[in-house]
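In: here's a sequence, model it:
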Amino acid sequence: MGDFKVHRVRFFDYMPSAIRAMALSSRSERLALARADGALEIFNFADNYFQEKLIPGQEGRSIEALCWVGERLFSAGLNGEITEYDLENLKPKYTMEAYGGPIWTISSNSQGTLLAAGCEDGTVKMFEILEETIQFQRNLERQRGRIISLSWHPSDTLIAAGMMDMIRIFDAETGHATHRLLVERGIGASKSREVVVWSVVFLSDHTIVSGDSAGKVQMWDGLTGTLIRTHLVTKWDVLALAVSQDGNSLVAGTSEGTVVQFQFISSTVGQQDKEWVRTRTFKNHSHDVRALVHTETAVVSGGMDTQLVVRPLLDKVEKNTQESALRKIAFPHRSLVSCAKKAGLLLFQFPDHLELWRLGESEGHGKPGDSLPVKRKPEKLIQLKRKGEDHICCSALSPCGGWLAYATVCSVRLYRLQLDNNNISLTKVSKLPKVLHSAHQLCFSSDSSKLFASSSHSSVIVVGLSQSECKYLHTLKPKSGSRQPVHLLHASEDGKWLATANTDCEIHVYNLHKLKLHCTVPVYSSCPTAIAIHPTTSNLVVVHADQQIFEFSLVQKEYTDWSRKLQKQGLHPLWVERDTPVTHVTFNPKNPAHIILHDMFMFCILDQSLPLPEAKTLLYNQMTLRSLPEPERIMHNHAFKICKNFQHLMCVRLLEDHSLVVVERPLLEIMSQLPAAVRQKKFAT
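Out: Predicted coordinates:
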């Protein structure tokens, strides 16, 4: 596999934020997910659950509810505002005050013409959805008490609203309340304790399903307003409900971390009448399940433990296939770590600040697998707090360690960094080109003389850097006219090429000497997750969300022979079935045939000089392979050298001295790091 001196870094104390809300667009198969810090993530379920877009949060912006209307995404929160998002420029498009106090829930009708918002002041506010904005239309009949949850009947004529101690049914045409359904407090509960109806679902047969703080899932007749059935599923809260598209399966998320499934079936064999029967209980979370989505084949859940869990329903999928595997998505599908390989520095990105660390040094030599004694411990040099209310969306550290840059949705900041033994100075560059007002991704050239910033419509702004000034040079634009954001940037070691990838699955390569488009890689159906240009061959290596690997010659403008051979033979089934995307690709200067790549749990050296593994070949872990006798070890020798002895790989980088930096994030107990108030069931106003 090759020997490396490894810096095993475990001081990147990154903690994802709790999941607050989710919404699935059935049209595009994209899941929108909101976190407690106001950040939004877009996952493409049709592309191996890849996290293709991320909109950073903002100080003071909370999100309680999400709603798709066609391809448009809306959110609402306790600040009393409704926000629509610009999914091309990855920022809020506009924000509208509802004037009803905190908003607990939003829901659109099936035609996508009206948006209903449940407010603190007891009103359900109706907004008309126009082509570019929304417009307040009217209030439904005002109630005493906040509106916690909403659900439209599929006919768009009725709306069910969950409140304190009751459910109200409204006529959507007249705005009047037609029924009041009183929710019991539960056995042994105090009469003074109110029951919160956290979630309601209005089914096509006029059944209303509710989940409440007394731990009950109840089925109601929406025509007569009578209770049909009560299921006590927990001693605590039922926080979320979701129903399948055919209306025959329902799931409930609880504050115990369980997800309970109900199915509309006959309770006894041969019986014609159907009823809602509790069928399964899933335990995939350690704490509150705050959000649920029910797809055709799986239950998707998220909550306080920050993990997005995709739990397949085994009666809906074929067993022992990739679709039947349980998935847990804990961390972003892109790097939050930048490395100055010439200076031995690491930059860690958090939503509200950046941390600059200097790597430690070891002394002595040892055998493979030995831990070397530390001569100088790692040192945190700078903690840079962001300016303004917007969270940091991207950051970069120049290879020489002399420049540091970060961006929010509305600004870019550049700093000059000087290290002289123990003296550290950070100077902000005050005059940036006006065109550099925002960026989705940032990247420095290998000689640290240029800064590349991906902008709108897949364009890239090129800025020249010198001791005396920061100068705008050019804007690189693709001929495709794509409006989707660039999510990957890579500058070649020789300073000649810049490769970009966007969420339209397009990869463009620019000639930096001529400052123009050199070529476009043939579009593949899956989104690129990692790209890199080989320093000696100028071959572009691309890994996609479906785990496929391609090598494209920038000189010949075509796929290489090795890439064609790989596609003809096919990748090993165990490689393709991995459920976390490759997030970084680099190369070994000692051996040009070595491609180094990693995902969240696996580090791999792909040796192009060795034969590809056959489908029946055992894809051994390198640690397991070392334990085998040498003849058997040689027999299993192939191109994929895999090591899985890691917890959560956030970053793997090769330094100029050919040592390897491996940044890990141990999965700690999430709740121990959250404030105690988070666990209390109280309303924030």
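
In: isn't K431 up against S468?
Out: No: using Cβ atoms under 8 Å, K431 is not in contact with S468, being 11.0 Å away. C-beta: built from backbone N, CA, C; applies to glycine.

In: please, where are all the strands along the stretch 301-450 of the chain?
Out: 308-312, 327-329, 337-340, 345-349, 353-358, 361-362, 374-376, 379-385, 394-397, 403-407, 412-420, 423-428, 442-444, 450-454 (DSSP state E, counting those that start in this stretch).

In: so what secondary structure elements neighbour the one helix or strand S199 maps to?
Out: For S199, the enclosing helix or strand under DSSP states H and E is strand 197-202. Contact here means 3 or more Cβ pairs under 8 Å, 6 or more residues apart in numbering; DSSP states H and E; on that basis strand 197-202 packs against strand 149-152, strand 158-162, strand 166-171, strand 207-212, strand 238-243.

In: could you measure F136 against L114, distance?
Out: According to Cβ to Cβ, to the nearest Å, F136 stands 11 Å off from L114.

In: no wait, T475
Out: Distance from T475 to L114, by Cβ to Cβ: 41 Å.

In: cool, V429 as well?
Out: With Cβ to Cβ as the criterion, V429 and L114 are 48 Å apart.

In: same question, S210
Out: From S210 to L114 the distance is 22 Å (Cβ to Cβ).

In: looking at these two, which has the bigger crowd around it?
Out: Set side by side, S210 and L114 show more neighbours around S210, with 28 against 20, by other Cβ atoms under 10 Å.

In: Q569 and L612 touch, don't they?
Out: Yes: shown here, Q569 and L612 form a contact pair, counting by Cβ under 8 Å, at 5.5 Å.

In: outline the domain layout of this protein.
Out: Each domain of the chain is listed here as a residue range: 19-257, 258-329, 337-672, per automatic domain parsing.

In: and those: which comes nearest H7?
Out: In terms of Cβ to Cβ, the element of these nearest to H7 is domain 337-672, at 4.7 Å.

In: starting at the chain centroid, how far to that closest one?
Out: 18 Å (Cα atoms, centre = their mean, to the nearest Å).

In: returning to what we had before: could you dump the strands of the stretch 301-450 of the chain to a markdown table with mean neighbour count?
Out: Shown next, in a markdown table, are these (neighbours: other Cβ atoms under 10 Å):
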| stretch | mean neighbour count |
| --- | --- |
| strand 308-312 | 21 |
| strand 327-329 | 19 |
| strand 337-340 | 24 |
| strand 345-349 | 24 |
| strand 353-358 | 20 |
| strand 361-362 | 15 |
| strand 374-376 | 11 |
| strand 379-385 | 14 |
| strand 394-397 | 25 |
| strand 403-407 | 25 |
| strand 412-420 | 17 |
| strand 423-428 | 11 |
| strand 442-444 | 23 |
| strand 450-454 | 25 |
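
In: settle it for me: which of Q569 and L612 has more neighbours?
Out: L612 (18 against 13).

In: the helix or strand encompassing Y472 vs strand 412-420, what angle?
Out: Per DSSP H and E: Y472 is located in strand 470-476. Here strand 470-476 runs at an angle of 130 degrees relative to strand 412-420 (axes from the mean of the first three to the mean of the last three Cα atoms, to 10 degrees).

In: can you list contacts of strand 470-476?
Out: Contacts of strand 470-476 from elsewhere in the structure, counted by Cβ atoms under 8 Å, 6 or more residues apart in numbering, are 414, 429, 431-433, 435-436, 450-451, 455, 459-464, 498, 500, 510, 515-517.

In: partner strands of the helix or strand just after that strand and their direction?
Out: Downstream of strand 470-476, the next assigned helix or strand under DSSP H and E is strand 486-491. Strand pairing for strand 486-491, determined by DSSP bridges: strand 497-502 (antiparallel).

In: for burial, what's the neighbour tally of the closest residue to L654 other than its chain neighbours?
Out: Closest residue in space to L654, ignoring its immediate chain neighbours: T586 at 5.4 Å, by Cβ to Cβ, 6 or more residues apart in numbering. For T586, the neighbour count with other Cβ under 10 Å is 21.

In: contacts only, for T586.
Out: Contacts of T586 (Cβ under 8 Å, 6+ apart): 532, 596-597, 652-654.

In: could you do G481 as well?
Out: Neighbours of G481 in contact, by Cβ under 8 Å, 6+ apart: H457.

In: where's it relative to P631, distance?
Out: 58 Å.

In: equivalent analysis for P535, please.
Out: Counting by Cβ to Cβ, the gap from P535 to P631 is 36 Å.

In: so which of those two has more stuff around it?
Out: Taking other Cβ under 10 Å, P535 and P631 do not tie; P535 has more neighbours (14 against 7).
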